[in-house]
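>>> Below are the sequence and a predicted model for it; my questions follow.
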Amino acid sequence: MIVVGGGHAGSEAALASARMGRATAMVVLDPAAIGRMSCNPAIGGIAKGQLVREVDALGGAMGLATDETGIQFRMLNTSKGPAVRSPRAQCDREAYNGAMVRRVLAQPRLTVVAGEAVALETVADDAHGGHAIRGVRLADGTMLHAPAVVLTTGTFLAGRLFAGEWEADGGRHGERAASRISSSLRALGLRLGRHKTGTPPRLHRDSIRFDQLVEQHGDEQPVPFSFRTSRLDVVQQSCWITRTTEATHAIIRAAAHRSPMYQGRIQGVGPRYCPSVEDKVMRFADQPSHQVFLEPEGANSPEVYPNGISTSLPEDVQLAFLRTIPGLEDVVVLRPGYAVEYDHLVTDQLRGDLQVAGVRGLFAAGQVNGTSGYEEAAGQGLVAGANAALFVRGEGPFVLDRATAYLGVMVDDLCRVNPSEPYRMFTSRAEYRLLLRSDNADRRLTPIGRSLGLVDEAAAAAVESKERRIQAARRLLDLERREGRTLCEWLRRPEVTVGQICGWSGALCDMALGPDELSELEAEVKYEGYVSRQAMEVERLRRMEGTKLPAAFDYRAVPGLSAEARARLEQRRPLTLGEASRVPGVRQADLQLLLVLLRRERAAASGT
């Protein structure tokens, strides 16, 4: 199979496919840019940290690379319940890039090809309708042949950069766009949209007055991202907090007419939850200031990333408003901020395995699917890469449901609706977030990863051992008593911690559970009632999700099916009845008709 692109989605897709035994080619414009962080060199955050843990539990590389190159680690939402606690790390940008390059180059069965993919080669797929992938053509005329392709073009698909009156083609600063493949996608009948994102200027560390800023330290005992990292030995760097001022806002308002967004030169929609500073100032005029996080780009790098002020205003305006922010009065700008507009697939063309409907063997992942963020891209990349490998082997798809993983929530959301803006993961999107905590991702997903060939035997054995220890400890809590109550009953009390329980029970201490295992044990006991109710809801969901629809299902043979539902279902070819229920235009009555016909066909096949 072939992966087009080498960012966070492309890296995980190619590594997953190769781990599953497929000969894989990764086509990239610049092999040195594999895994490069285009924006903030940070991994994780609210809900995003859960995604990275899930990628890691399935054998992915992002968590390991973060642990290797992180310079500040923090667990967010520690004052709240375990369902919304999320890890975050600031990374060394260059070191992370190098770590991902090394992993890709060292992976058996994975070959990196330097070049620009300009067209998808296909043939008519008479058996299924539409087209079938046969390979990729490069700009120099080279043909790469494969039955499956994963498209992970990020912001490079017809990318265009903007800063004030300046604009140019490009996927990111200093790198050319991949423009010709958009025409190939349209020729296959696929619908494309335009999205926009942006990045702030980069500041010179030595020009910042840190004594005027609020210092933000990392956690005293940093928690690794990867379940395969035993401990972190890192000298953590501080981040710093400042705020914009009324003077900042006045300069931005006066220059807003010079922004390409306000001039109408950018048509793409940007992310609502990460707006540019000019958007913040113009849309929230009643706010006297906005927070800015100054985050180092590396342990020895002079560059500082001012998180919260992405902009596409002209360079002179950027310098002027920066110097009105406390601590930045004498700041030196190393590189101005800019916006980038790019093509993406309209996501109602995606199936639950991230295969593109109508083009058999074409999968897509990352920003080309209308998402935003390294973590969302990596998660999609792993799912698409694994499914492409299964497709090549002639096996059924790998689809995670909403009750199993944040990855399942994200993919389902993308298939169900067309995001009007770049999609970003939040804990609020996951109905079953008590089940989908960041701390238990390995216990949820590593067995699945092992069955697919994504996870090696040693990692799977470690998770099995962890599961046995936690279950043994849970049985002990149910049996051992103190003052007439079981230790489990004591631990359910809000004021009682698992640390106190360890102080009461020598047997529990003798089990030598690690801090993460004790934390999981505590969460599962304290929230047992809620978890049980969610488990019942999950069972109802899975009865529908588990009803598979044959790939060649004849929707024209379903009497009474609405014309709109028939057309949508034939175009999308959903994998399950659950996925069909989320296809726009499919009504509950249509689902009942499908279910009746499926039952009849199964009864006829079994002779009952």
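Structure's in. What do you need?
>>> Just give me the neighbour total for residue 498.
Per other CB atoms under 10 Å, the neighbour tally for residue 498 reads 23. For the C-beta atoms, the positions are set from N, CA and C on the backbone; glycine is no exception.
>>> hmm, I was thinking of residue 151
When neighbours are counted by other CB under 10 Å, residue 151 registers 29.
>>> Does it have any beta-bridge partners, and if so which?
Beta bridges link residue 151 to residue 4, residue 364, judged by DSSP bridges.
>>> Give me the contacts around the longest helix seen in the chain.
Counting residues, the longest helix found in the chain (DSSP state H) is helix 457-479. Contacting residues not belonging to helix 457-479 are listed as 57, 59, 227-228, 442-443, 446-447, 449-450, 486-488, 491, 501, 505, 507-508, 511, 513, 517, 520-521, 524-525 [CB atoms under 8 Å, 6 or more residues apart in numbering].
>>> Grab the nearest non-local neighbour of the residue nearest the centre of the chain.
Centroid-nearest residue in the chain, with CA atoms, centre = their mean: residue 376, separated by 1.2 Å. Spatial nearest neighbour of residue 376, chain neighbours left out: residue 425 (5.7 Å); criterion: CB to CB, 6 or more residues apart in numbering.
>>> Are we agreed that the one you found is in a strand?
No: applying DSSP: H, G, I helix; E, B strand; the rest coil, one finds residue 425 to be coil, outside a strand.
>>> okay but it is in contact with residue 51, surely?
Yes: Residue 425 is in contact with residue 51 according to CB atoms under 8 Å; the separation is 5.9 Å.
>>> Looking only at neighbour counts, state which of the two leads.
Between residue 425 and residue 51, residue 51 has the larger neighbour count (other CB under 10 Å), namely 31 against 25.
>>> which residues touch residue 310?
Per CB under 8 Å, 6+ apart, neighbours of residue 310: 39, 197, 198, 199, 200, 274, 275, 276, 277, 337, 339.
>>> are any of these buried, and which?
Buried subset of the contacts of residue 310 (neighbour count, 16 or more other CB atoms under 10 Å): 39, 197, 198, 199, 200, 274, 275, 276, 277, 337, 339.
>>> among the residues you listed, which are in helices?
Using DSSP H, the members of the buried ones among the contacts of residue 310 that fall in helices are residue 277.
>>> Pipe the buried ones among the contacts of residue 310 into JSON lines and attach pLDDT and distance to residue 462 per row.
Formatted as JSON lines, the buried ones among the contacts of residue 310 follow (pLDDT from 0 to 100; distance: CB to CB, whole Å):
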{"residue": "39", "pLDDT": "90", "distance to residue 462": "33"}
{"residue": "197", "pLDDT": "91", "distance to residue 462": "38"}
{"residue": "198", "pLDDT": "91", "distance to residue 462": "41"}
{"residue": "199", "pLDDT": "94", "distance to residue 462": "38"}
{"residue": "200", "pLDDT": "96", "distance to residue 462": "40"}
{"residue": "274", "pLDDT": "80", "distance to residue 462": "36"}
{"residue": "275", "pLDDT": "86", "distance to residue 462": "42"}
{"residue": "276", "pLDDT": "91", "distance to residue 462": "44"}
{"residue": "277", "pLDDT": "94", "distance to residue 462": "45"}
{"residue": "337", "pLDDT": "96", "distance to residue 462": "43"}
{"residue": "339", "pLDDT": "93", "distance to residue 462": "44"}
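>>> Dump the helix or strand of the chain with the lowest mean pLDDT to CSV, keeping only the CA atoms.
In the chain, no helix or strand scores lower on mean pLDDT, DSSP states H and E than helix 528-545, which sits at a mean of 76. Extracted C-alpha coordinates of helix 528-545, given in CSV (Å, rounded to 0.1, in the frame of the first residue of the first chain):
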residue,chain,number,x,y,z
GLU,A,528,-18.9,2.0,39.7
GLY,A,529,-22.6,2.9,39.7
TYR,A,530,-22.2,5.4,36.8
VAL,A,531,-20.0,3.0,34.9
SER,A,532,-22.7,0.2,35.2
ARG,A,533,-25.4,2.4,33.8
GLN,A,534,-23.1,3.5,30.9
ALA,A,535,-22.3,-0.2,30.3
MET,A,536,-26.1,-1.0,29.8
GLU,A,537,-26.4,1.9,27.4
VAL,A,538,-23.3,0.6,25.5
GLU,A,539,-24.9,-2.8,25.2
ARG,A,540,-28.0,-1.3,23.5
LEU,A,541,-25.7,0.7,21.2
ARG,A,542,-23.7,-2.3,20.2
ARG,A,543,-26.7,-4.4,19.3
MET,A,544,-27.3,-1.9,16.5
GLU,A,545,-23.7,-1.2,15.8
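>>> who touches it?
Contacts for helix 528-545 (CB under 8 Å, 6+ apart): 401-403, 431-432, 434-435, 492, 524, 576-579, 581.
>>> From those, which land in helices?
Using DSSP H, 524, 577, 578, 579, 581 are the members of the contacts of helix 528-545 that sit in helices.
>>> what's near enough to touch the fourth one?
It stands for residue 579. 351, 352, 399, 412, 415, 545.
>>> from the residues you listed, which is closest to residue 26?
Lowest distance from residue 26 to the contacts of residue 579 (CB to CB) belongs to residue 351, with 23.0 Å.
>>> Neighbours of the closest residue to that closest one other than its chain neighbours, how many?
Closest residue to residue 351 apart from its sequence neighbours, by CB to CB, 6+ apart: residue 357 at 5.7 Å. Other residues lying near residue 357 total 20 when counted by other CB under 10 Å.
>>> Give me the pLDDT value at residue 357.
Listed pLDDT for residue 357 reads 91.
>>> For residue 311, see how far away it is.
The gap separating residue 357 from residue 311 is 37 Å, by CB to CB, to the nearest Å.
>>> Now the helix or strand where residue 444 lies: buried residues?
Using DSSP states H and E, residue 444 sits in helix 441-452. For helix 441-452, the neighbour count (16+ other CB under 10 Å) marks 441, 442, 443, 444, 445, 446, 447, 448, 449, 450, 452 as buried.
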